[in-house]
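# Quick one: sequence plus predicted model below, questions after.
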Number of protein chains: 2
Amino acid sequence: MTTARPLSPTDRSTIRRGGRRARTDRAELHAVLDAGLIGHLGVLLGGGPVVLPTGYGRRGETLYLHGSTGAASLRAASEGLPVCFTVTHLDGIVYARSAFHHSVNYRCAVVHGTARLVTDDDERLLGLETLTEHLAPGSWSATRLPDRKELAATVVLALDLTEASVKVRTGPPGDDERDLRSAPGREQVWAGVLPLRTLVGEPEPCPLLPADVPVPARVRERRVSSGV
Amino acid sequence: MTTARPLSPTDRSTIRRGGRRARTDRAELHAVLDAGLIGHLGVLLGGGPVVLPTGYGRRGETLYLHGSTGAASLRAASEGLPVCFTVTHLDGIVYARSAFHHSVNYRCAVVHGTARLVTDDDERLLGLETLTEHLAPGSWSATRLPDRKELAATVVLALDLTEASVKVRTGPPGDDERDLRSAPGREQVWAGVLPLRTLVGEPEPCPLLPADVPVPARVRERRVSSGV
(Lines give C-alpha, C1' and ligand atoms only; values in the text may rest on other atoms or scores of the structure.)
Protein backbone atom coordinates (compact mmCIF):
# COMPACT_ATOMS: atom_id res chain seq x y z
CA MET A 1 0.00 0.00 0.00
CA THR A 2 1.01 3.58 -0.50
CA THR A 3 1.66 4.18 3.17
CA ALA A 4 4.57 1.76 2.93
CA ARG A 5 6.07 3.73 0.06
CA PRO A 6 8.77 6.02 1.44
CA LEU A 7 8.64 9.75 0.86
CA SER A 8 10.26 10.75 -2.38
CA PRO A 9 13.89 11.84 -2.28
CA THR A 10 13.73 14.32 -5.18
CA ASP A 11 16.04 17.28 -5.12
CA ARG A 12 13.55 19.80 -3.79
CA SER A 13 11.96 17.44 -1.26
CA THR A 14 15.23 16.29 0.28
CA ILE A 15 15.75 17.74 3.74
CA ARG A 16 19.28 19.08 3.95
CA ARG A 17 19.20 20.97 7.22
CA GLY A 18 18.56 19.09 10.45
CA GLY A 19 18.44 15.71 8.77
CA ARG A 20 17.85 13.99 12.10
CA ARG A 21 14.49 15.77 12.18
CA ALA A 22 13.42 14.35 8.83
CA ARG A 23 10.76 11.65 8.73
CA THR A 24 10.56 9.28 5.81
CA ASP A 25 7.41 7.31 6.50
CA ARG A 26 4.39 8.15 4.37
CA ALA A 27 2.13 7.46 7.37
CA GLU A 28 3.79 10.39 9.16
CA LEU A 29 3.05 12.66 6.21
CA HIS A 30 -0.60 11.62 6.41
CA ALA A 31 -0.69 12.14 10.17
CA VAL A 32 0.69 15.70 9.94
CA LEU A 33 -1.71 16.60 7.13
CA ASP A 34 -4.73 15.01 8.80
CA ALA A 35 -4.09 16.81 12.08
CA GLY A 36 -4.09 20.26 10.45
CA LEU A 37 -6.98 22.52 9.52
CA ILE A 38 -5.37 24.95 7.11
CA GLY A 39 -2.15 24.96 5.14
CA HIS A 40 -0.13 27.63 3.36
CA LEU A 41 -0.17 27.47 -0.43
CA GLY A 42 2.72 29.03 -2.31
CA VAL A 43 2.25 29.97 -5.96
CA LEU A 44 4.06 32.12 -8.48
CA LEU A 45 2.19 35.29 -9.26
CA GLY A 46 3.58 38.21 -11.20
CA GLY A 47 7.11 36.83 -10.98
CA GLY A 48 7.17 36.38 -7.21
CA PRO A 49 5.90 33.94 -4.61
CA VAL A 50 2.54 34.47 -2.93
CA VAL A 51 1.74 32.51 0.22
CA LEU A 52 -1.88 32.29 1.36
CA PRO A 53 -3.70 30.21 3.98
CA THR A 54 -5.85 27.59 2.29
CA GLY A 55 -8.29 24.90 3.38
CA TYR A 56 -7.63 21.35 2.31
CA GLY A 57 -8.56 17.72 2.75
CA ARG A 58 -6.71 14.49 2.03
CA ARG A 59 -8.08 11.46 0.22
CA GLY A 60 -5.48 8.72 -0.11
CA GLU A 61 -2.51 10.24 -1.90
CA THR A 62 -4.44 13.27 -3.16
CA LEU A 63 -4.76 16.59 -1.41
CA TYR A 64 -7.79 18.64 -2.43
CA LEU A 65 -7.66 22.43 -2.21
CA HIS A 66 -10.45 24.83 -3.07
CA GLY A 67 -11.32 28.45 -3.29
CA SER A 68 -13.21 31.09 -5.20
CA THR A 69 -12.87 31.26 -8.98
CA GLY A 70 -12.03 34.93 -8.38
CA ALA A 71 -8.89 34.19 -6.34
CA ALA A 72 -5.82 35.02 -8.41
CA SER A 73 -3.65 32.65 -6.38
CA LEU A 74 -5.88 29.67 -7.13
CA ARG A 75 -6.08 30.58 -10.81
CA ALA A 76 -2.28 30.72 -10.84
CA ALA A 77 -2.09 27.37 -9.06
CA SER A 78 -4.30 25.77 -11.70
CA GLU A 79 -2.15 26.82 -14.63
CA GLY A 80 0.30 23.92 -14.51
CA LEU A 81 3.02 25.79 -12.65
CA PRO A 82 4.80 24.33 -9.62
CA VAL A 83 3.18 24.94 -6.25
CA CYS A 84 4.18 24.24 -2.67
CA PHE A 85 1.73 23.43 0.10
CA THR A 86 2.88 23.44 3.72
CA VAL A 87 1.11 22.41 6.92
CA THR A 88 2.79 23.26 10.23
CA HIS A 89 1.85 22.43 13.80
CA LEU A 90 3.56 24.39 16.52
CA ASP A 91 3.85 22.12 19.54
CA GLY A 92 6.00 24.07 21.94
CA ILE A 93 8.45 26.86 22.69
CA VAL A 94 11.93 25.51 23.47
CA TYR A 95 13.73 27.56 26.13
CA ALA A 96 17.48 26.97 26.06
CA ARG A 97 20.41 28.08 28.22
CA SER A 98 21.72 30.11 25.28
CA ALA A 99 19.85 32.45 22.94
CA PHE A 100 21.22 30.47 19.99
CA HIS A 101 19.58 27.19 20.98
CA HIS A 102 16.11 28.63 21.53
CA SER A 103 13.79 26.81 19.18
CA VAL A 104 10.28 25.48 18.67
CA ASN A 105 8.87 21.98 18.69
CA TYR A 106 6.85 21.42 15.56
CA ARG A 107 5.61 19.02 12.92
CA CYS A 108 5.74 20.23 9.35
CA ALA A 109 4.72 18.65 6.03
CA VAL A 110 5.83 20.24 2.75
CA VAL A 111 4.26 19.06 -0.51
CA HIS A 112 5.72 19.98 -3.91
CA GLY A 113 3.94 19.43 -7.16
CA THR A 114 1.82 20.75 -9.96
CA ALA A 115 -1.80 21.19 -8.98
CA ARG A 116 -4.41 19.70 -11.27
CA LEU A 117 -7.60 21.66 -11.93
CA VAL A 118 -10.44 19.24 -11.23
CA THR A 119 -13.05 19.50 -13.97
CA ASP A 120 -15.03 16.28 -13.63
CA ASP A 121 -18.24 17.01 -11.73
CA ASP A 122 -18.11 13.84 -9.66
CA GLU A 123 -14.52 14.45 -8.60
CA ARG A 124 -15.30 18.11 -7.87
CA LEU A 125 -18.03 16.98 -5.46
CA LEU A 126 -15.73 14.35 -3.99
CA GLY A 127 -13.06 16.99 -3.47
CA LEU A 128 -15.49 19.37 -1.78
CA GLU A 129 -16.83 16.56 0.40
CA THR A 130 -13.25 15.71 1.40
CA LEU A 131 -12.54 19.36 2.22
CA THR A 132 -15.76 19.87 4.17
CA GLU A 133 -15.38 16.65 6.15
CA HIS A 134 -11.77 17.53 6.95
CA LEU A 135 -12.76 20.89 8.43
CA ALA A 136 -16.09 19.88 9.93
CA PRO A 137 -16.63 16.11 10.11
CA GLY A 138 -20.28 15.21 9.66
CA SER A 139 -21.21 18.47 7.98
CA TRP A 140 -21.44 17.11 4.43
CA SER A 141 -24.41 14.88 5.19
CA ALA A 142 -26.03 17.33 7.61
CA THR A 143 -26.11 20.46 5.45
CA ARG A 144 -27.37 21.59 2.05
CA LEU A 145 -24.96 20.45 -0.66
CA PRO A 146 -23.57 22.84 -3.28
CA ASP A 147 -25.91 23.77 -6.11
CA ARG A 148 -24.89 24.49 -9.72
CA LYS A 149 -24.20 28.16 -9.08
CA GLU A 150 -22.08 27.48 -6.01
CA LEU A 151 -20.14 24.78 -7.85
CA ALA A 152 -19.51 27.17 -10.72
CA ALA A 153 -18.05 29.72 -8.30
CA THR A 154 -15.62 27.20 -6.80
CA VAL A 155 -12.20 26.08 -8.01
CA VAL A 156 -11.20 22.59 -6.88
CA LEU A 157 -7.55 21.61 -7.22
CA ALA A 158 -5.91 18.24 -6.69
CA LEU A 159 -2.32 17.94 -5.55
CA ASP A 160 -0.56 14.59 -5.61
CA LEU A 161 1.32 13.68 -2.44
CA THR A 162 4.13 11.87 -4.22
CA GLU A 163 6.74 14.54 -3.65
CA ALA A 164 6.71 15.58 -0.02
CA SER A 165 8.83 15.89 3.07
CA VAL A 166 8.10 15.81 6.78
CA LYS A 167 10.15 17.39 9.51
CA VAL A 168 9.52 17.06 13.23
CA ARG A 169 11.21 18.50 16.29
CA THR A 170 10.38 17.16 19.73
CA GLY A 171 12.02 17.13 23.12
CA PRO A 172 14.18 19.39 25.26
CA PRO A 173 16.67 22.04 24.11
CA GLY A 174 19.90 20.92 22.47
CA ASP A 175 22.21 23.05 24.59
CA ASP A 176 25.98 23.00 24.37
CA GLU A 177 27.84 21.03 27.02
CA ARG A 178 29.52 24.26 28.17
CA ASP A 179 26.15 25.81 29.03
CA LEU A 180 24.90 23.00 31.24
CA ARG A 181 26.65 24.34 34.34
CA SER A 182 26.03 27.73 35.93
CA ALA A 183 28.37 30.50 34.97
CA PRO A 184 30.37 31.81 37.96
CA GLY A 185 28.23 34.18 40.01
CA ARG A 186 25.12 33.48 37.96
CA GLU A 187 22.16 31.31 38.75
CA GLN A 188 21.48 28.27 36.63
CA VAL A 189 19.38 29.21 33.60
CA TRP A 190 16.04 27.40 33.38
CA ALA A 191 15.69 25.31 30.25
CA GLY A 192 12.84 23.22 28.95
CA VAL A 193 9.74 23.27 26.82
CA LEU A 194 6.54 25.25 27.13
CA PRO A 195 4.03 23.03 25.32
CA LEU A 196 1.34 24.60 23.14
CA ARG A 197 -1.90 23.03 22.05
CA THR A 198 -5.09 24.08 20.36
CA LEU A 199 -8.16 24.21 22.54
CA VAL A 200 -11.72 24.03 21.24
CA GLY A 201 -13.97 26.51 23.02
CA GLU A 202 -17.70 26.48 23.64
CA PRO A 203 -19.80 26.45 20.44
CA GLU A 204 -21.24 29.90 19.65
CA PRO A 205 -24.63 29.51 17.94
CA CYS A 206 -25.49 31.77 15.01
CA PRO A 207 -27.68 34.64 16.28
CA LEU A 208 -30.27 33.73 13.62
CA LEU A 209 -30.64 30.19 14.97
CA PRO A 210 -33.78 29.40 17.05
CA ALA A 211 -32.77 28.86 20.67
CA ASP A 212 -34.16 25.31 20.76
CA VAL A 213 -31.79 23.89 18.11
CA PRO A 214 -29.32 21.75 20.05
CA VAL A 215 -25.60 21.64 19.33
CA PRO A 216 -25.15 18.44 17.32
CA ALA A 217 -22.62 15.79 18.34
CA ARG A 218 -20.52 16.53 15.22
CA VAL A 219 -19.85 19.99 16.68
CA ARG A 220 -19.98 19.23 20.39
CA GLU A 221 -17.52 16.38 20.07
CA ARG A 222 -15.20 18.01 17.52
CA ARG A 223 -11.64 17.67 18.66
CA VAL A 224 -8.68 19.42 17.13
CA SER A 225 -5.66 17.27 17.59
CA SER A 226 -3.08 20.00 17.47
CA GLY A 227 -1.94 23.45 16.51
CA VAL A 228 -2.40 24.82 13.02
CA MET B 1 3.88 57.98 12.93
CA THR B 2 4.01 54.90 10.82
CA THR B 3 1.04 53.25 12.46
CA ALA B 4 -1.15 56.00 10.99
CA ARG B 5 0.15 55.27 7.50
CA PRO B 6 -2.36 53.06 5.70
CA LEU B 7 -1.31 49.73 4.24
CA SER B 8 0.04 50.06 0.75
CA PRO B 9 -2.35 49.48 -2.12
CA THR B 10 0.19 48.07 -4.60
CA ASP B 11 -1.03 45.59 -7.16
CA ARG B 12 0.07 42.46 -5.33
CA SER B 13 -0.98 43.66 -1.89
CA THR B 14 -4.48 44.70 -2.92
CA ILE B 15 -7.11 42.32 -1.60
CA ARG B 16 -9.49 41.47 -4.42
CA ARG B 17 -11.51 38.65 -2.91
CA GLY B 18 -13.67 39.31 0.15
CA GLY B 19 -12.83 43.00 0.27
CA ARG B 20 -15.05 43.49 3.29
CA ARG B 21 -12.56 41.32 5.19
CA ALA B 22 -9.64 43.56 4.32
CA ARG B 23 -8.11 45.75 7.00
CA THR B 24 -6.22 48.86 6.09
CA ASP B 25 -4.85 50.07 9.39
CA ARG B 26 -1.15 49.53 9.96
CA ALA B 27 -1.84 48.92 13.66
CA GLU B 28 -3.85 45.83 12.66
CA LEU B 29 -0.90 44.53 10.66
CA HIS B 30 1.30 44.95 13.71
CA ALA B 31 -1.26 43.25 15.96
CA VAL B 32 -1.53 40.18 13.71
CA LEU B 33 2.24 39.88 13.40
CA ASP B 34 2.88 40.43 17.10
CA ALA B 35 0.34 37.78 18.10
CA GLY B 36 1.99 35.06 16.01
CA LEU B 37 4.95 32.84 16.79
CA ILE B 38 5.93 31.53 13.38
CA GLY B 39 5.14 32.60 9.83
CA HIS B 40 5.41 30.92 6.44
CA LEU B 41 8.13 32.28 4.17
CA GLY B 42 7.72 31.80 0.44
CA VAL B 43 10.79 32.02 -1.80
CA LEU B 44 11.65 31.04 -5.34
CA LEU B 45 13.95 28.05 -5.47
CA GLY B 46 14.78 26.11 -8.62
CA GLY B 47 12.02 27.86 -10.55
CA GLY B 48 9.23 27.08 -8.11
CA PRO B 49 7.88 28.37 -4.82
CA VAL B 50 9.05 26.87 -1.53
CA VAL B 51 7.06 27.61 1.63
CA LEU B 52 8.69 26.95 5.00
CA PRO B 53 7.77 27.82 8.58
CA THR B 54 10.08 30.51 9.90
CA GLY B 55 10.57 32.34 13.17
CA TYR B 56 10.40 36.12 13.17
CA GLY B 57 10.21 39.25 15.22
CA ARG B 58 9.02 42.78 14.49
CA ARG B 59 10.83 46.00 15.29
CA GLY B 60 8.90 49.03 14.08
CA GLU B 61 8.37 48.58 10.37
CA THR B 62 11.01 45.87 10.01
CA LEU B 63 10.45 42.15 10.28
CA TYR B 64 13.53 40.13 11.18
CA LEU B 65 13.82 36.53 10.03
CA HIS B 66 16.66 34.16 10.73
CA GLY B 67 17.91 30.69 10.10
CA SER B 68 20.93 28.57 9.41
CA THR B 69 23.44 29.64 6.76
CA GLY B 70 22.96 26.12 5.38
CA ALA B 71 19.24 26.61 4.64
CA ALA B 72 18.75 26.91 0.87
CA SER B 73 15.47 28.81 1.33
CA LEU B 74 17.14 31.52 3.42
CA ARG B 75 20.03 31.79 0.98
CA ALA B 76 17.48 32.20 -1.81
CA ALA B 77 15.61 34.82 0.21
CA SER B 78 18.78 36.84 0.67
CA GLU B 79 19.57 37.09 -3.03
CA GLY B 80 17.41 40.11 -3.80
CA LEU B 81 14.48 38.15 -5.18
CA PRO B 82 10.88 38.81 -4.12
CA VAL B 83 9.66 36.95 -1.05
CA CYS B 84 6.32 36.62 0.67
CA PHE B 85 5.88 36.16 4.41
CA THR B 86 2.50 35.17 5.83
CA VAL B 87 1.28 34.89 9.41
CA THR B 88 -2.11 33.29 10.00
CA HIS B 89 -4.15 32.81 13.16
CA LEU B 90 -7.00 30.34 13.01
CA ASP B 91 -9.69 31.57 15.39
CA GLY B 92 -12.61 29.27 14.73
CA ILE B 93 -14.43 26.77 12.55
CA VAL B 94 -17.55 28.28 10.98
CA TYR B 95 -20.42 25.77 10.69
CA ALA B 96 -23.00 26.88 8.14
CA ARG B 97 -26.38 25.55 7.04
CA SER B 98 -24.90 24.76 3.63
CA ALA B 99 -21.63 23.03 2.79
CA PHE B 100 -20.71 26.01 0.58
CA HIS B 101 -20.76 28.54 3.41
CA HIS B 102 -18.59 26.54 5.79
CA SER B 103 -15.56 28.68 6.57
CA VAL B 104 -12.99 29.59 9.18
CA ASN B 105 -12.53 32.67 11.30
CA TYR B 106 -8.98 33.90 10.98
CA ARG B 107 -6.57 36.80 10.98
CA CYS B 108 -3.92 36.83 8.30
CA ALA B 109 -1.08 39.19 7.45
CA VAL B 110 0.74 38.90 4.12
CA VAL B 111 3.98 40.82 3.59
CA HIS B 112 5.55 41.22 0.14
CA GLY B 113 9.02 42.51 -0.44
CA THR B 114 12.66 41.87 -1.05
CA ALA B 115 14.50 40.63 1.99
CA ARG B 116 17.71 42.40 2.91
CA LEU B 117 20.63 40.31 4.18
CA VAL B 118 21.74 41.97 7.41
CA THR B 119 25.51 42.23 7.48
CA ASP B 120 26.18 44.87 10.13
CA ASP B 121 27.11 43.14 13.39
CA ASP B 122 25.10 45.50 15.58
CA GLU B 123 21.98 45.08 13.47
CA ARG B 124 22.49 41.32 13.35
CA LEU B 125 22.48 41.23 17.15
CA LEU B 126 19.48 43.56 17.24
CA GLY B 127 17.64 41.28 14.82
CA LEU B 128 18.43 38.18 16.87
CA GLU B 129 17.38 39.94 20.07
CA THR B 130 14.10 40.92 18.39
CA LEU B 131 13.53 37.33 17.24
CA THR B 132 14.41 35.79 20.61
CA GLU B 133 12.27 38.26 22.57
CA HIS B 134 9.36 37.67 20.21
CA LEU B 135 9.44 33.91 20.78
CA ALA B 136 10.50 33.94 24.41
CA PRO B 137 10.22 37.34 26.10
CA GLY B 138 12.92 37.83 28.72
CA SER B 139 15.21 35.15 27.31
CA TRP B 140 17.72 37.52 25.70
CA SER B 141 18.88 38.96 29.02
CA ALA B 142 18.60 35.66 30.89
CA THR B 143 20.65 33.40 28.63
CA ARG B 144 24.10 33.23 27.08
CA LEU B 145 24.25 35.49 24.02
CA PRO B 146 25.50 34.27 20.62
CA ASP B 147 29.27 33.96 20.26
CA ARG B 148 31.24 34.56 17.05
CA LYS B 149 30.83 31.00 15.81
CA GLU B 150 27.09 30.98 16.41
CA LEU B 151 26.72 34.36 14.72
CA ALA B 152 28.68 33.11 11.72
CA ALA B 153 26.29 30.16 11.39
CA THR B 154 23.20 32.38 11.37
CA VAL B 155 21.58 34.28 8.52
CA VAL B 156 19.60 37.35 9.60
CA LEU B 157 17.21 38.88 7.08
CA ALA B 158 15.24 42.12 7.30
CA LEU B 159 11.92 42.54 5.52
CA ASP B 160 10.31 45.94 5.29
CA LEU B 161 6.61 46.05 6.20
CA THR B 162 5.74 48.71 3.63
CA GLU B 163 3.91 46.39 1.28
CA ALA B 164 1.49 44.27 3.24
CA SER B 165 -2.14 43.30 3.54
CA VAL B 166 -4.31 42.09 6.39
CA LYS B 167 -7.46 40.03 6.13
CA VAL B 168 -9.74 39.09 9.01
CA ARG B 169 -12.90 37.01 9.22
CA THR B 170 -14.97 37.09 12.39
CA GLY B 171 -18.52 36.27 13.33
CA PRO B 172 -21.24 33.77 12.41
CA PRO B 173 -21.74 31.99 9.07
CA GLY B 174 -22.92 34.01 6.08
CA ASP B 175 -25.72 31.68 5.07
CA ASP B 176 -28.15 32.32 2.24
CA GLU B 177 -31.59 33.61 3.19
CA ARG B 178 -33.12 30.46 1.67
CA ASP B 179 -31.22 28.24 4.14
CA LEU B 180 -32.33 30.01 7.30
CA ARG B 181 -35.57 28.03 7.55
CA SER B 182 -35.81 24.26 7.91
CA ALA B 183 -36.34 22.29 4.76
CA PRO B 184 -39.66 20.40 4.77
CA GLY B 185 -39.33 17.20 6.79
CA ARG B 186 -35.85 18.09 8.01
CA GLU B 187 -34.69 19.46 11.29
CA GLN B 188 -33.13 22.88 11.44
CA VAL B 189 -29.39 22.66 10.76
CA TRP B 190 -27.20 23.95 13.59
CA ALA B 191 -25.01 26.87 12.55
CA GLY B 192 -22.44 28.83 14.44
CA VAL B 193 -18.78 29.02 15.34
CA LEU B 194 -16.53 26.62 17.20
CA PRO B 195 -13.83 28.93 18.58
CA LEU B 196 -10.21 27.77 18.66
CA ARG B 197 -7.45 29.12 20.80
CA THR B 198 -3.89 28.23 21.71
CA LEU B 199 -3.35 26.99 25.22
CA VAL B 200 -0.01 27.09 27.00
CA GLY B 201 0.59 23.86 28.94
CA GLU B 202 2.71 23.18 32.01
CA PRO B 203 6.42 23.93 31.53
CA GLU B 204 8.46 20.73 30.99
CA PRO B 205 11.95 21.18 32.48
CA CYS B 206 14.95 19.86 30.57
CA PRO B 207 15.94 16.45 32.02
CA LEU B 208 19.48 17.79 32.52
CA LEU B 209 18.27 20.64 34.74
CA PRO B 210 18.80 20.29 38.52
CA ALA B 211 15.45 19.79 40.22
CA ASP B 212 15.86 22.90 42.39
CA VAL B 213 15.94 25.40 39.49
CA PRO B 214 12.55 27.13 39.61
CA VAL B 215 10.50 27.98 36.52
CA PRO B 216 11.20 31.69 35.98
CA ALA B 217 8.37 34.21 35.61
CA ARG B 218 9.28 34.79 31.94
CA VAL B 219 8.26 31.17 31.26
CA ARG B 220 5.57 30.69 33.91
CA GLU B 221 3.72 33.83 32.86
CA ARG B 222 4.20 33.41 29.09
CA ARG B 223 0.89 33.89 27.35
CA VAL B 224 0.22 33.12 23.73
CA SER B 225 -2.50 35.41 22.53
CA SER B 226 -3.78 33.24 19.75
CA GLY B 227 -3.35 30.47 17.23
CA VAL B 228 -0.36 30.28 14.99
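On my side now, so go ahead.
# Would you agree A:L161 is in contact with A:D34?
No: contact criterion C-beta atoms under 8 Å: A:L161 and A:D34 do not qualify, at 11.7 Å. (Each C-beta comes from the backbone N, C-alpha and C, glycine too.)
# Where do the strands of chain A begin and end?
For chain A, the strands defined by DSSP state E cover A:22-23, A:38-45, A:48-59, A:62-68, A:82-95, A:103-114, A:116-117, A:154-160, A:163-169, A:192-200, A:204-205.
# Serialize the ones you listed to JSON lines and add fields for mean neighbour count, mean pLDDT and distance to chain B.
Below are those laid out as JSON lines (neighbours: other C-beta atoms under 10 Å in any protein chain shown; pLDDT from 0 to 100; distance: least, C-beta to the nearest C-beta, whole Å):
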{"stretch": "strand A:22-23", "mean neighbour count": "18", "mean pLDDT": "72", "distance to chain B": "13"}
{"stretch": "strand A:38-45", "mean neighbour count": "26", "mean pLDDT": "95", "distance to chain B": "4"}
{"stretch": "strand A:48-59", "mean neighbour count": "22", "mean pLDDT": "96", "distance to chain B": "3"}
{"stretch": "strand A:62-68", "mean neighbour count": "21", "mean pLDDT": "92", "distance to chain B": "5"}
{"stretch": "strand A:82-95", "mean neighbour count": "25", "mean pLDDT": "96", "distance to chain B": "3"}
{"stretch": "strand A:103-114", "mean neighbour count": "23", "mean pLDDT": "96", "distance to chain B": "6"}
{"stretch": "strand A:116-117", "mean neighbour count": "16", "mean pLDDT": "95", "distance to chain B": "16"}
{"stretch": "strand A:154-160", "mean neighbour count": "21", "mean pLDDT": "95", "distance to chain B": "8"}
{"stretch": "strand A:163-169", "mean neighbour count": "22", "mean pLDDT": "94", "distance to chain B": "9"}
{"stretch": "strand A:192-200", "mean neighbour count": "19", "mean pLDDT": "95", "distance to chain B": "4"}
{"stretch": "strand A:204-205", "mean neighbour count": "18", "mean pLDDT": "98", "distance to chain B": "4"}
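# Can you say which of those is nearest to B:A76?
Distance to B:A76, taken as C-beta to C-beta, is lowest for strand A:48-59 among the strands of chain A, at 9.9 Å.
# just how off-centre is the closest one within its chain?
9 Å (C-alpha atoms, centre = their mean, to the nearest Å).
# what does stretch A:165-178 give?
With C-alpha atoms, centre = their mean, you get 21 Å for stretch A:165-178.
# same question, stretch A:158-165
13 Å.
# What are the contacting residues of it?
A:7-8, A:10, A:12-15, A:22, A:26, A:29, A:33, A:58, A:61-65, A:83, A:85, A:109-113, A:115-116, A:118, A:123, A:127 (C-beta atoms under 8 Å, 6 or more residues apart in numbering or on different chains).
# re the thing from before, tell me the residues that contact both of A:L161 and A:D34, please.
In contact with both A:L161 and A:D34: A:R58, using C-beta under 8 Å, 6+ apart.
# Looking at those two, which is more packed in?
The residue with more neighbours, out of A:L161 and A:D34, is A:L161; 22 against 13, by other C-beta atoms under 10 Å in any protein chain shown.
# Let me see the contact set for the most centrally placed residue in chain A.
Central residue of chain A (C-alpha atoms, centre = their mean): A:V87, 2.7 Å from the mean position. Shown in contact with A:V87 (C-beta under 8 Å, 6+ apart): A:32-33, A:36, A:38-40, A:56, A:108-109.
# one more time with 7 Å
A:32-33, A:36, A:39, A:109 (C-beta atoms under 7 Å, 6 or more residues apart in numbering or on different chains).
# is it in a bridge, and if so with what?
Listed by DSSP bridges, the beta-bridge partners for A:V87 are A:A109.
# From A:H112, how far off is it?
Per C-beta to C-beta, to the nearest Å, A:V87 is found 13 Å from A:H112.
# go on, A:V32?
15 Å.
# A:D212 now?
50 Å.
# ok, now A:L196?
27 Å.
# Now do the helix ranked longest in chain A and strand B:103-114, the angle between them.
Determined from DSSP state H, the single longest helix within chain A is helix A:121-135. Per axes from the mean of the first three to the mean of the last three C-alpha atoms, to 10 degrees, the angle that helix A:121-135 makes with strand B:103-114 is 90 degrees.
# got a list of contacts for helix A:121-135?
By C-beta under 7 Å, 6+ apart, helix A:121-135 touches A:37, A:55-57, A:59, A:64, A:66, A:118, A:139-140, A:146, A:151, A:154, A:156, A:158, B:93, B:99, B:102.
# State the pLDDT value of the residue of chain A most remote from its centre.
What lies farthest from the middle of chain A is A:G185; by C-alpha atoms, centre = their mean that is 45.8 Å. The pLDDT attached to A:G185 in the predicted structure is 71.
# quick one: buried residues of the longest helix of chain A?
A:123-135 (16 or more other C-beta atoms under 10 Å in any protein chain shown).
# Now render the residues you listed as TSV, adding pLDDT.
TSV is the format used below for those (pLDDT from 0 to 100):
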residue	pLDDT
A:E123	97
A:R124	96
A:L125	97
A:L126	98
A:G127	98
A:L128	97
A:E129	98
A:T130	98
A:L131	97
A:T132	98
A:E133	98
A:H134	97
A:L135	97
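# And those residues, which is closest to chain B?
A:T132 (5.0 Å; C-beta to the nearest C-beta).
# Please verify my assumption that A:E204 contacts B:V193.
Yes: shown here, A:E204 and B:V193 form a contact pair, counting by C-beta atoms under 7 Å, at 4.6 Å.
# Not including adjacent chain positions, what is the nearest residue to A:L145?
Distance criterion C-beta to C-beta, 6 or more residues apart in numbering or on different chains; nearest residue to A:L145, sequence neighbours excluded, is B:A99 at 5.5 Å.
# which residues touch that neighbour?
By C-beta under 7 Å, 6+ apart, the contact list for B:A99 reads A:128, A:132, A:139-140, A:143-146.
# out of the residues you listed, which one sits closest to B:G46?
Checking the contacts of B:A99 one by one against B:G46 (C-beta to C-beta), the nearest turns out to be A:L128, at 32.3 Å.
# could you measure the closest one against A:V215, distance?
Noted for A:L128: a distance of 24 Å to A:V215, by C-beta to C-beta.
# can you check A:W190 too?
Noted for A:W190: a distance of 42 Å to A:V215, by C-beta to C-beta.
# for A:V200, same thing?
Between A:V200 and A:V215 the computed distance is 12 Å (C-beta to C-beta).
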